[in-house]
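K.L.:
just coords:
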């Protein structure tokens with residue numbers, strides 16, 4: 001059974017392109033319900049993998065899409081969608097069972113993928129007795145804020 005990687009992608013482009021992407025994601029979500037299996041856009045080969053599962057869009061969010069993939073993010077597939085519709089994107093992803101946490105950004109066809117590595121996950125500790133996390137001298141009830149902080153630090157220090 002697959003570990004599920006949670007993905008949130010925000011597309012940036014013309015209103016017409018975003019509307020086309022909305023239609024694409026809506027169609028894939030409908031097809032998944034009918035076929036009970038992950039989906040890819042018609043213009044992407046099934047050889048690539050990276051299927052979209054449980055695609056969801058909050059009402060009112062026109063350019064934000066949430067979905068799951070098996071084991072890891074489908075950055076290459078999202079990049080192909082962006083190229084097809086001539087848009088940029090930011091994709092946040094996480095699958096903490098396999099220590100996957102990162103952000104892929106594509107602007108003007110330039111892809112940057114910044115993610116936490118094993119040593120980043122070693123920068124904080126979990127205390128089972130108190131059910132809290134410890135990072136940089138502070139105590140946290142969840143690792144979410146710590147992971148966001150670590151990723152933001154890596155993004156700020158990234159040299160293109």
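P.N.:
Great, that's in hand. Keep in mind the model is a prediction, meaning the values are calculated, not measured.
K.L.:
Give me the buried stretch members for the lengthiest helix in the chain, please.
P.N.:
Assignment by DSSP state H gives helix 15-35 as the longest helix of the chain. Neighbour-count burial for helix 15-35, counted by 16 or more other CB atoms under 10 Å, picks out 17, 18, 20, 21, 22, 24, 25, 28, 29, 31, 32. Glycine gets a C-beta too; all of them are placed from N, C-alpha and C.
K.L.:
State the distance from the residue lying farthest from the centre of the chain to residue 142.
P.N.:
Distance from the C-alpha centroid of the chain, by CA atoms, centre = their mean, peaks at residue 129 (32.3 Å). Taking CB to CB, to the nearest Å as the measure, residue 129 falls 17 Å from residue 142.
K.L.:
domain parsing for the protein?
P.N.:
For the chain, automatic domain parsing gives the domain ranges 4-115, 117-160.
K.L.:
Out of those, which one sits most buried?
P.N.:
The highest mean neighbour count among the domains of the chain, using mean count of other CB atoms under 10 Å, belongs to domain 4-115: a mean of 16.
K.L.:
for that one, how far is the first residue from the last?
P.N.:
Criterion CA to CA, to the nearest Å; first-to-last residue distance in domain 4-115 is 17 Å.
K.L.:
Stretch 133-146 too?
P.N.:
End-to-end distance of stretch 133-146: 9 Å, with CA to CA as the criterion.
K.L.:
Off-centre distance for it?
P.N.:
22 Å (CA atoms, centre = their mean, to the nearest Å).
K.L.:
now that stretch: mean pLDDT?
P.N.:
Stretch 133-146 shows a mean pLDDT of 96.
K.L.:
what packs against the host helix or strand of residue 76?
P.N.:
Take DSSP states H and E as the rule and residue 76 turns out to sit in helix 75-85. Here helix 75-85 touches strand 4-12, helix 15-35, strand 88-95, strand 100-107, strand 110-115, going by 3 or more CB pairs under 8 Å, 6 or more residues apart in numbering; DSSP states H and E.
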